[in-house]
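Q: predicted structure and sequence below. I'll ask about it afterward.
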Amino acid sequence: MTALFSKNCRYVKFFMLNVKAILARLLFATHGLVTIWRVSDVCDKKIFLLLCLPLGLLVIEMVVTTFYTKNGEWKWFCPSVFLYLASVIPGIWLLHMDLYQQRETYRITHGLEQCQPMMMFNETTLGGNQGISIPLLLPSDEWACGLQQIMFVLLIVGRWLLPKGQLSRDQLSQLLITHLGIAADSLEFSLETLDIGEVYCNMNLISAVLTIWTWSMLQFTLVRWSVSKGQQHGQPRGDDRPAKPTRRYDGCCGSEIWFLVLTVLLQDAPFLTMRLYLMLKYQVVNQMMLFFVVKNVLVICIQFYRVIILLCCPVQYYDTSIAMVGVDHEDQNVALVDVHHDVRQSRTLSLTLSNNKVMDLTYRLSMVEDS
């Protein structure tokens with residue numbers, strides 16, 4: 001009976017895992033299609049098929065990921081997020097290019113020397129030029145901004161729905177919080193910088209800002225690097241002696257060090273470089289620009305300080321002695337196993353195994369001061 005119940009639970013878990021995976025990809029595909037639809041209203045219709053290609057590959061990716069990975073997701077890289085971004089980001093680029101063209105057209109039509117940063121855009125519906133339209137009337141600049149904001153929301157919600165893979169729930173929560181912070185910084189950088197007058201009417205600067213923003217979006221495709229390692233387990237011992245604190249050194253390739261370095265390379269350093277360039281080259285000096293420059297400098301300094309700490313001072317772990325006593329109802333054999341990891345509380349629980357053995361687990365915290 002217990003074995004049947006366990007088997008049914010596995011089937012239910014597998015079913016729910018696949019439902020959430022399909023739902024996440026449906027959200028990605030829906031937003032991708034809306035973005036492409038909007039792009040086809042303002043650009044050449046042939047671009048529609050090109051931008052739909054990553055969404056078509058999303059179906060193939062789902063099948064491959066589901067049947068060729070152990071836990072329904074890859075360890076280091078998330079191809080579904082990459083394909084979603086490959087469909088949406090080019091569309092956002094094209095929408096911003098169209099906004100620039102509208103400003104230039106307005107400047108030439110009215111005989112102005114420079115384009116007007118505060119010009120008003122005409123309100124349009126989605127698909128209004130194709131005979132089928134959605135009754136949602138927004139200015140052209142708000143279409144680009146809204147689609148970009150929704151993309152960040154779906155990146156976080158989609159990552160939450162996608163299978164955890166080899167991540168624990170604790171690591172998944174870390175990943176979601178990390179993505180939330182990255183999304184806020186990236187959205188602020190793109191929207192605030194593109195609204196600066198010197199950038200607003202300069203095609204080269206618009207391209208530079210969008211390039212840096214696209215570069216920072218690669219962070220959402222990486223998984224394992226952005227969370228700390230799981231609990232470390234020591235070798236089983238045959239006695240019940242308390243363990244001394246141990247130190248672990250991950251070298252220069254620990255996941256946390258990679259996370260800190262990649263954050264600087266993909267986000268903080270490019271953002272700081274672009275802001276300093278605008279300040280020095282175009283004299284864009286205001287309160288918000290100064291604040292974000294100081295913020296980027298502080299973040300980079302703190303990140304490198306953390307890297308030095310991890311390299312010079314390996315992390316100290318306290319061992320927890322877990323005494324596991326297994327009682328076999330037939331042979332009455334007793335086994336004593338010690339496992340070490342970072343559990344901060346004591347507890348007792350019972351597990352009923354499929355072979356009719358009852359295991360009583362007693363967690364005893366053994367923390368010894370470092371001599």
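A: Structure received. Residues are numbered from 1 along each chain as shown.

Q: so Leu138 lies in a strand, does it not?
A: Yes. Counting by DSSP: H, G, I helix; E, B strand; the rest coil, Leu138 is part of a strand.

Q: for it, give the beta-bridge partners.
A: Following DSSP bridges, Leu138 is listed with bridge partners Thr124.

Q: give me the number of residues near it?
A: Using other Cβ atoms under 10 Å, Leu138 is surrounded by 16 other residues. Just so you know, the C-beta spots here come from the backbone N, C-alpha and C atoms, and that holds for glycine as well.

Q: next: the one 4 residues further on.
A: Around Glu142 there are 13 other residues, counting by other Cβ under 10 Å.

Q: next one: Thr109
A: Neighbours of Thr109 (other Cβ under 10 Å): 8.

Q: now it: how far from His31?
A: In this view, Thr109 and His31 are 34 Å apart by Cβ to Cβ, to the nearest Å.

Q: for whichever strand or helix holds Val199, packing partners?
A: Using DSSP states H and E, Val199 maps to helix 197-200. Applying 3 or more Cβ pairs under 8 Å, 6 or more residues apart in numbering; DSSP states H and E, we find helix 197-200 packed against helix 203-216, helix 269-282.

Q: contact partners of the last one?
A: Helix 269-282 has contacts (Cβ atoms under 8 Å, 6 or more residues apart in numbering) with 185, 189, 193, 196, 198-199, 205, 208-209, 212, 215-216, 284-285, 289, 292-293, 296-297, 300.

Q: flag every buried residue along that helix.
A: For helix 269-282, the neighbour count (16 or more other Cβ atoms under 10 Å) marks Ala269, Pro270, Phe271, Leu272, Met274, Arg275, Leu278 as buried.

Q: same question, the first one
A: Judged by neighbour count (16+ other Cβ under 10 Å), helix 203-216 contains these buried residues: Leu205, Ile206, Ala208, Val209, Leu210, Ile212, Trp213, Thr214, Ser216.

Q: helices of the stretch 51-200 of the chain, residue ranges please.
A: Under the criterion DSSP state H, counting those that start in this stretch, the stretch 51-200 of the chain contains helices at 79-109, 140-161, 169-194, 197-200.

Q: so which of the helices and strands packed on helix 197-200 comes closest to Leu83?
A: With Cβ to Cβ, the closest approach to Leu83 among those belongs to helix 203-216: 14.9 Å.

Q: what about that closest one, average pLDDT?
A: Average pLDDT, helix 203-216: 94.

Q: specify the angle between it and helix 79-109 in degrees.
A: Helix 203-216 and helix 79-109 are oriented at 170 degrees to each other (axes from the mean of the first three to the mean of the last three Cα atoms, to 10 degrees).

Q: report the separation between the residue nearest to Asn71 when sequence neighbours are not counted and Gln171.
A: Among residues not flanking Asn71 along the chain, Gly165 sits closest, at 4.7 Å (Cβ to Cβ, 6 or more residues apart in numbering). Distance, Gly165 to Gln171, by Cβ to Cβ: 10 Å.

Q: spatially nearest residue to Cys43, not counting backbone neighbours?
A: Cys43's closest residue in space is Leu94 (Cβ to Cβ, 6+ apart), at 5.3 Å.

Q: okay, now that neighbour: neighbour count?
A: 21.

Q: then Gln148?
A: Other residues close to Gln148 by other Cβ under 10 Å number 21.

Q: can you tell me, leaving aside adjacent residues, what's nearest to it?
A: Nearest residue to Gln148 in three dimensions, chain neighbours excluded: Ile92, at 5.6 Å (Cβ to Cβ, 6+ apart).

Q: re the thing from before, any of the contacts of helix 269-282 buried? List them.
A: Among the contacts of helix 269-282, those classed as buried by 16+ other Cβ under 10 Å are 185, 189, 193, 196, 199, 205, 208-209, 212, 216, 284, 289, 292-293, 296, 300.

Q: and of these, the nearest to Ala144?
A: Comparing the buried ones among the contacts of helix 269-282 against Ala144 with Cβ to Cβ picks out Val209 as the nearest, at 13.0 Å.

Q: isn't the closest one up against Leu191?
A: No. Here Val209 does not reach Leu191: they are 10.0 Å apart, not a contact under Cβ atoms under 8 Å.
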